[in-house]
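Peer 1: Quick one, structure for this:
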Amino acid sequence: MSKKIIVAEDSSVIQNLTKKILTQMNYEIASVKNGQQVLDLLEQDSYDLILLDIHMPVMDGMECATRIRNLETESKDIPIIAITGNANNYGMKDFESVGINDFIPKPLNYDSLVEMVRKYVTDVN
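Peer 2: Next comes the predicted model:
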């Protein structure tokens, strides 16, 4: 059974690129454009990892991570990796304070993305 990853990113270009890379790695991808949609997915199914853009409409990544960590289900323990173009505006302590495990700066780098996902999700083979 393939591992399932949520990609929460409001940029269609980044979302499609990330989805393409992760699909080639045999992961099952659910793509959404805001934090509220992430929470909606977590009500319906379980996932192995969340890639979470920090700046999104409706609900940003920081608020979404906070709400995930406050859930009363197993979903509260899913690893969360922030995706941000403003890494200079945040430090790892900011991310950790809302329950984000790690981050990847934009623009996304193929090797960094693959390495980060493999760090948190065991390979599917």
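
Peer 1: tell me what the lowest-mean-pLDDT helix or strand in the chain is packed against?
Peer 2: For the chain, the helix or strand with the lowest mean confidence is helix 92-97, at a mean of 87 (criterion: mean pLDDT, DSSP states H and E). Helices and strands touching helix 92-97, by 3 or more C-beta pairs under 8 Å, 6 or more residues apart in numbering; DSSP states H and E, are strand 102-105. In this view, the C-beta of every residue, glycine as well, is placed from N, C-alpha and C.

Peer 1: which other helices and strands contact the strand it packs on?
Peer 2: For strand 102-105, the packing partners by 3+ C-beta pairs under 8 Å, 6+ apart come out as strand 80-84, helix 92-97, helix 110-120.

Peer 1: So for residue 23, which of the ones you listed sits nearest?
Peer 2: helix 110-120 (11.9 Å; C-beta to C-beta).

Peer 1: between that closest one and strand 80-84, how many degrees?
Peer 2: On the basis of axes from the mean of the first three to the mean of the last three C-alpha atoms, to 10 degrees, helix 110-120 is oriented at 160 degrees to strand 80-84.

Peer 1: Residues contacting helix 110-120, please?
Peer 2: Under the criterion C-beta atoms under 8 Å, 6 or more residues apart in numbering, residues 5, 18, 21-22, 25, 27, 48-49, 51, 79, 81, 101-102, 104-105 lie in contact with helix 110-120.

Peer 1: among those, who's most crowded?
Peer 2: The residue in those with the most neighbours, by other C-beta atoms under 10 Å, is residue 51 (29 neighbours).

Peer 1: Next, count neighbours for residue 20.
Peer 2: 11.

Peer 1: in what helix or strand does it lie?
Peer 2: According to DSSP states H and E, residue 20 maps onto helix 12-24.

Peer 1: What would that helix look like as CSV? C-alpha coordinates only.
Peer 2: Extracted in CSV, the C-alpha atoms of helix 12-24 (Å, rounded to 0.1, in the frame of the first residue of the first chain):
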residue,chain,number,x,y,z
SER,A,12,-0.6,25.6,-9.1
VAL,A,13,2.9,25.5,-10.5
ILE,A,14,4.5,24.4,-7.2
GLN,A,15,1.6,22.1,-6.4
ASN,A,16,1.9,20.3,-9.8
LEU,A,17,5.7,20.0,-9.7
THR,A,18,5.6,18.6,-6.2
LYS,A,19,2.8,16.2,-7.1
LYS,A,20,4.7,15.0,-10.2
ILE,A,21,7.9,14.3,-8.2
LEU,A,22,6.2,12.5,-5.3
THR,A,23,3.9,10.5,-7.6
GLN,A,24,7.1,9.3,-9.4
